[in-house]
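>>> Pasted the sequence and its predicted model underneath.
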Amino acid sequence: MTSPLRLPVPEPEVPEQFDIAQFIDGIAGFLGGTANVIMQLSTPPVGYGVVESTVDSGKVMLHPIKRLRTTLTYLSVAMLGTADERAAYRDAVNTSHQAVRSNAASPVKYNAFDPKLQLWVAACLYWGAQDMYERMHGPMDEVTADYFYRSGSRLGTTLQMRPEQWPADRAAFAKYWDENLAATIIDPPVRDYFNDLIDLKMLPRPAQLAFGAVHRFFVTGLLPPHLREEMGMTWDPADDRKLDRILRALGAVNERIPKQARMFPFNAYLLDLRLRRRLGLRLV
């Protein structure tokens with residue numbers, strides 16, 4: 001397979017004074033990361049694309065630190081980087097994605113360059129980011145929510161998603177989200193993979209024992225109810241109230257710390273990308 005042509009990454013139509021950095025929160029990314037991965041992979045072509053991937057260097061179960069770096073760098077450059085940086089990172093991701101496609105034995109057909117699948121991935125990232133922000137800080141006003149939504153298109157256009165694929169407005173997105181979320185299913189092989197992620201099986205045993213139960217609590221609470229059911233998870237109103245109190249407390253703390261500290265490690269990974277480009281090192 002040849003790599004797609006490098007095209008300029010379109011800038012979102014948002015005013016220059018809108019500062020997307022105010023919504024970049026390291027703690028939110030850490031707490032919501034695995035739940036968002038489950039959302040993305042709950043559509044079978046994406047799920048099997050990851051579970052069956054032959055690109056060992058990108059597997060979180062084998063190389064968790066490297067996978068964390070590449071994922072957070074992608075999010076950093078998509079939301080905070082320049083158009084040139086987004087195009088450069090897209091080229092680097094394309095190289096890894098070339099081998100991610102189904103074979104004759106795959107339960108479903110998939111191709112990592114499918115823009116419809118990338119739209120779903122971008123939609124999950126946007127939905128999760130807005131959900132975490134509002135859980136921690138309260139609802140955005142309408143104007144801010146519109147600008148944040150438009151900026152979210154970069155999460156797809158930094159891959160192969162065409163800008164016109166991004167739903168026209170938040171109402172159109174809500175329709176797209178509800179329809180596609182309802183169609184998600186989690187097959188047993190993918191569910192097993194998710195449970196390994198949730199239980200932190202990629203980490204040393206002491207870390208699994210220390211953090212696994214807490215991690216499962218946050219993942220369960222941050223999943224949409226439909227996906228909790230697909231995972232066979234239990235959750236009740238008392239759990240929901242507990243999670244709400246924790247996230248609002250974390251949000252109150254975050255509002256009182258300096259912006260650069262709040263953005264860590266996203267800002268650090270963006271600096272790492274810029275250094276790697278300057279030194280001619282691999283980006284992915």
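Sure thing, it's come through.

>>> CA only for contacts and neighbour counts going forward, please
Fine.

>>> For the helix or strand encompassing Leu270, enumerate the helices and strands it packs against.
Using DSSP states H and E, Leu270 sits in helix 266-279. Packing partners of helix 266-279 (3 or more CA pairs under 8 Å, 6 or more residues apart in numbering; DSSP states H and E): helix 64-80.

>>> Could I get the buried residue list for the helix it packs on?
For helix 64-80, the neighbour count (16 or more other CA atoms under 10 Å) marks Arg67, Arg69, Thr70, Leu72, Thr73, Tyr74, Leu75, Ser76, Val77, Ala78, Met79, Leu80 as buried.

>>> any idea how far the fifth one is from Leu270?
What it means is Thr73. Thr73 sits 6 Å away from Leu270, going by CA to CA, to the nearest Å.

>>> what's the nearest residue to Gly251 if we skip its chain neighbours?
Spatial nearest neighbour of Gly251, excluding adjacent residues (CA to CA, 6 or more residues apart in numbering): Met136 at 4.4 Å.

>>> and the helix or strand that neighbour falls within, C-alpha only, in CSV?
With secondary structure defined by DSSP H and E, Met136 is part of helix 115-137. Output of helix 115-137 as CSV, limited to C-alpha atoms (Å, rounded to 0.1, in the frame of the first residue of the first chain):
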residue,chain,number,x,y,z
PRO,A,115,-11.8,8.2,6.9
LYS,A,116,-15.2,7.0,8.2
LEU,A,117,-13.4,5.1,11.0
GLN,A,118,-11.2,8.1,11.7
LEU,A,119,-14.3,10.2,12.0
TRP,A,120,-15.5,7.9,14.7
VAL,A,121,-12.2,8.0,16.5
ALA,A,122,-12.2,11.8,16.3
ALA,A,123,-15.8,12.0,17.5
CYS,A,124,-14.9,9.8,20.6
LEU,A,125,-11.9,12.1,21.4
TYR,A,126,-14.0,15.2,21.1
TRP,A,127,-17.0,13.8,23.1
GLY,A,128,-14.7,12.5,25.8
ALA,A,129,-12.8,15.9,26.1
GLN,A,130,-16.0,17.9,26.4
ASP,A,131,-17.6,15.4,28.8
MET,A,132,-14.5,15.5,31.1
TYR,A,133,-14.3,19.2,31.0
GLU,A,134,-17.9,19.7,31.9
ARG,A,135,-17.8,17.1,34.7
MET,A,136,-14.8,18.9,36.2
HIS,A,137,-15.7,22.5,35.6
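
>>> Name the next helix or strand downstream of it, please.
Helices and strands here follow DSSP H and E; after helix 115-137, the next one along the chain is helix 142-152.

>>> hang on, the earlier thing: roughly how far is the helix holding Met136 from the heart of the chain?
Put simply, helix 115-137 sits 7 Å off its chain's centre (CA atoms, centre = their mean, to the nearest Å).
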